[in-house]
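[1] quick one, what's the 3D model for this:
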Amino acid sequence: MKLASLFSGGKDSTYAIYMAQKQGHKVTCLLSVFPKSEESHLLHHPNLQWTKLQSESMKIPQLTIKSDSDETNDELLALENLLQTAKDKFYIEGLVHGGINSQFQKEKFETLCSKLDLIAVTPLWGSEPEQYMNDLLDSNFVFIMTTVSSDGLDDTWLGKQISKSDIDTLRQLSDKFGFNLNFEGGEAETFVINCPLFSNSIKINQAKKTWDGYRGRFEIMDAELNYNA
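    Down below sits the predicted model:
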């Protein structure tokens, strides 16, 4: 099937493309909705402007739109407009997204796909969190943490590239503090800097950390594709 991908640049949306391709689908475009602020319950916010580098590295064109408000209905309307554009321009038959266990997101996206006569594809749905995190690394996905907002996660995680030993540490922290190990509850967000889909890795030249004692973010200020690696 020809698919559009709901794309945030994080591990889940990128790995969903990887798995969809393994299942024989063709991802013909990336759809990125820029939320009005970081308070969105449906969409990712930090570093979205740098998804253009990931799009270029994957050689998959990207369609973007900005939501007028943080209301879920407004964000869904923006996504609906993007999906219609993707249908008209790329003749997509479905939408792939990186949902793992959020019924809220799954139902919203399935309802929208139904309205537009599209099929929702969720290759990560129901993945066991620790196995999934290890599968990412085993598949040569290189990603950093760009936000944290949970007890047990401090500013030392911001900008950190996640390794196997980090997953062990995160599992222990998730057991102690009760957050989702795969971060789907918004406990943290990620940004993929290299994976098998990329022709070139992403080099972060400048970034800024902010930390208020509980929440923090790693904001990429300057980045480029690495043509020397």
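[2] go through stretch 195-214 and flag the buried ones.
    Buried positions in stretch 195-214, judged by neighbour count with 16 or more other CB atoms under 10 Å: 195, 197-198, 200-204, 207. C-beta here means a position set from N, CA and C on the backbone, and glycine is covered the same way.
[3] do stretch 18-32 as well
    Under the neighbour-count criterion of 16+ other CB under 10 Å, stretch 18-32 has 18-21, 25, 27-32 buried.
[4] how far is the longest helix along the chain from where the chain is centred?
    The longest helix of the chain (DSSP state H) is helix 72-90. Averaging C-alpha positions (CA atoms, centre = their mean, to the nearest Å) puts helix 72-90 18 Å from its chain's average.
[5] could you do stretch 173-183 as well?
    Between the centre of stretch 173-183 and the centre of its chain there are 19 Å (CA atoms, centre = their mean).
[6] end-to-end on it?
    12 Å (CA to CA, to the nearest Å).
[7] narrow the buried residues of stretch 195-214 to those in strands?
    Assigned to strands by DSSP state E, the following of these qualify: 201-204, 207.
[8] show me which of these is closest to Ser102.
    Ile202 (26.5 Å; CB to CB).
[9] hmm, the closest one is touching Lys52, no?
    No. Counting by CB atoms under 8 Å, Ile202 stays clear of Lys52, with 10.6 Å between them.
[10] sorry, back to before: export the buried residues of stretch 195-214 to JSON lines and append columns for distance to Asp222 and pLDDT.
    Listed next are the buried residues of stretch 195-214 as JSON lines, based on distance: CB to CB, whole Å; pLDDT from 0 to 100:
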{"residue": "Cys195", "distance to Asp222": "21", "pLDDT": "98"}
{"residue": "Leu197", "distance to Asp222": "23", "pLDDT": "98"}
{"residue": "Phe198", "distance to Asp222": "19", "pLDDT": "98"}
{"residue": "Asn200", "distance to Asp222": "16", "pLDDT": "97"}
{"residue": "Ser201", "distance to Asp222": "15", "pLDDT": "97"}
{"residue": "Ile202", "distance to Asp222": "11", "pLDDT": "98"}
{"residue": "Lys203", "distance to Asp222": "9", "pLDDT": "97"}
{"residue": "Ile204", "distance to Asp222": "8", "pLDDT": "97"}
{"residue": "Ala207", "distance to Asp222": "8", "pLDDT": "96"}
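[11] just flag the most distant two among those.
    Among those, Leu197 and Ala207 lie farthest apart (CB to CB), at 22.7 Å.
[12] domains for the chain, by residue range?
    According to automatic domain parsing, the chain comprises the domains 2-121, 132-226.
[13] quick one: Ile60 from Gly24, how far?
    16 Å (CB to CB, to the nearest Å).
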